[in-house]
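> After the sequence you'll find the predicted model.
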Amino acid sequence: MPRPVKPKLVQEAPRAAYFKPRGIPINQLKEIILKIEELEALRLVDLEGMYQEDAAKEMGISRQTIQRMLGEARAKVIDALFAGKALRIEGGSYILQEGTGRYRCGRCGDTVPAEYGRRRQGWKCPTCDEKGEE
Ligand SMILES: [Zn+2]
């Protein structure tokens, strides 16, 4: 049985979700999927300049997890830029912060009680949990 995936807290959703290189015919275009929480990890560490440890706390995950996510996310972005692949930003397992004390599940779109966002470690979406999805 696969280990349950813990949702990561995401403070900001990206403004655009699809990037396509110019000059590559559609039938030759390859696509890379970058998860919402992978972009958030890149944003916190590489754009905001946070230490991995602090960014991990912000997202409610361990230092090891953010380190692995950063490695994968950086490799995906470089692959897209260098090889001329399209980048689609979507999916993953995350809870989106929608202002103070308001959270939304990235999978089902349901509003999540505030304590799920505050508790950080070990929270899950009640709706997805009920459905048995992880
Ligand atoms: Zn959910």
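Yes, it's here.
> And the nearest residue to Lys85 once chain neighbours are set aside, how far from the ion?
Nearest residue to Lys85 in three dimensions, chain neighbours excluded: Lys30, at 4.4 Å (CB to CB, 6 or more residues apart in numbering). Where you see a C-beta, it was placed from the backbone N, CA and C, and this is true even at glycine. Noted for Lys30: a distance of 30 Å to the ion, by CB to the ion, to the nearest Å.
> and Glu31, how many residues sit next to it?
11 (other CB atoms under 10 Å).
> Show the contacting residues for it.
Lys85, Ala86, Leu87, Arg88 (CB atoms under 8 Å, 6 or more residues apart in numbering).
> just checking, what's the longest helix in this protein?
Ranked by number of residues, the top helix in the chain under DSSP state H is helix 63-83.
> Show me what that one is packed against.
Using 3 or more CB pairs under 8 Å, 6 or more residues apart in numbering; DSSP states H and E, the elements in contact with helix 63-83 are strand 31-34, helix 36-42, helix 52-59, strand 86-89.
> With just CA atoms, put the second one into CSV.
The C-alpha atoms that make up helix 36-42 are tabulated as CSV, following Å, rounded to 0.1, in the frame of the first residue of the first chain:
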residue,chain,number,x,y,z
ILE,A,36,1.4,23.3,-7.5
GLU,A,37,3.3,22.5,-4.3
GLU,A,38,6.5,22.1,-6.2
LEU,A,39,6.1,25.6,-7.6
GLU,A,40,5.4,26.9,-4.1
ALA,A,41,8.6,25.3,-2.8
LEU,A,42,10.5,27.0,-5.7
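> Compute the first-to-last residue distance for stretch 14-27.
27 Å (CA to CA, to the nearest Å).
> Can you tell me what sits against it?
For stretch 14-27, using CB under 8 Å, 6+ apart, the contacting residues are Leu29, Ile36, Leu39, Ala80, Gly84, Lys85, Ala86, Leu87, Arg88, Ile89, Glu90.
> Brilliant, that's me finished.
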